[in-house]
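**Q** Provided below for reference: sequence and predicted model.
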Amino acid sequence: GGGKKILERDVRNPSSFPTAVGGLSACLEGNLDEVQRLASNPQIGWEPKFAVDKHLNTPLMWACGGGHKGVVTWLLEDMGVDIAAVNKVKEENCQLIRRKTTSGSESNGMASPKL
């Protein structure tokens, strides 16, 4: 997607300035190739285990929100992201995976993080 990128930062450095790296956006879009490219490029330095947006939503939350099981599986199995991480409204990754919605676009049982 060529749209506006989600601003993100490393959760280990709370004072860092959020930038449009593209990792969270790629997770939301389900672009596994781009997610893997960003994570494997040391010059970019994107680490899915530590990336968050201003609401502390994780790459896994965004991938779940988009209903992208391939990205979700890769984040959990290959990157070892923390399924118990919580955002500012105390939603956990696994809550977003399990949440049932009535919206047709989210009928897969996944929902976007609350902003």
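**A** Okay, I see it.
**Q** Could you pull up phi and psi at V72?
**A** phi -60, psi -50 (degrees, to the nearest 10).
**Q** Pretty sure it sits against A63.
**A** Yes. Judged on CB atoms under 8 Å, V72 makes contact with A63 at a distance of 4.8 Å. For the C-beta atoms, the positions are set from N, CA and C on the backbone; glycine is no exception.
**Q** Among these two, which residue is more densely surrounded?
**A** The neighbour count for V72 versus A63, taken as other CB atoms under 10 Å, is higher for A63 (33 against 26).
**Q** ok, that one - contacts?
**A** Counting by CB atoms under 8 Å, 6 or more residues apart in numbering, A63 touches C27, L28, G30, V71, V72, L75.
**Q** Also R9?
**A** The neighbourhood of R9, defined by CB under 8 Å, 6+ apart, consists of S16, F17, P18, T19, A51, V52.
**Q** Can you give me the neighbour number for the second one?
**A** For F17, the tally of surrounding residues (other CB under 10 Å) stands at 7.
**Q** what's the distance between it and N87?
**A** Distance from F17 to N87, counting by CB to CB, to the nearest Å: 20 Å.
**Q** Check the fourth one too.
**A** Counting by CB to CB, the gap from T19 to N87 is 19 Å.
**Q** Then the fifth one?
**A** When CB to CB is applied, the distance between A51 and N87 equals 13 Å.
**Q** shared neighbours of these two, anything?
**A** With the criterion set as CB under 8 Å, 6+ apart, the overlap between the contacts of A51 and N87 is T58.
**Q** When those two are compared, which one has more neighbours?
**A** A51 (24 against 21).
**Q** I'd assumed R12 was in contact with the more buried one.
**A** No. Distance between A51 and R12: 10.3 Å, which falls outside the contact criterion (CB under 8 Å).
**Q** what residues are up against A85?
**A** For A85, the residues meeting the contact criterion (CB under 8 Å, 6+ apart) are L56, T58, L60, M61, E92, N93.
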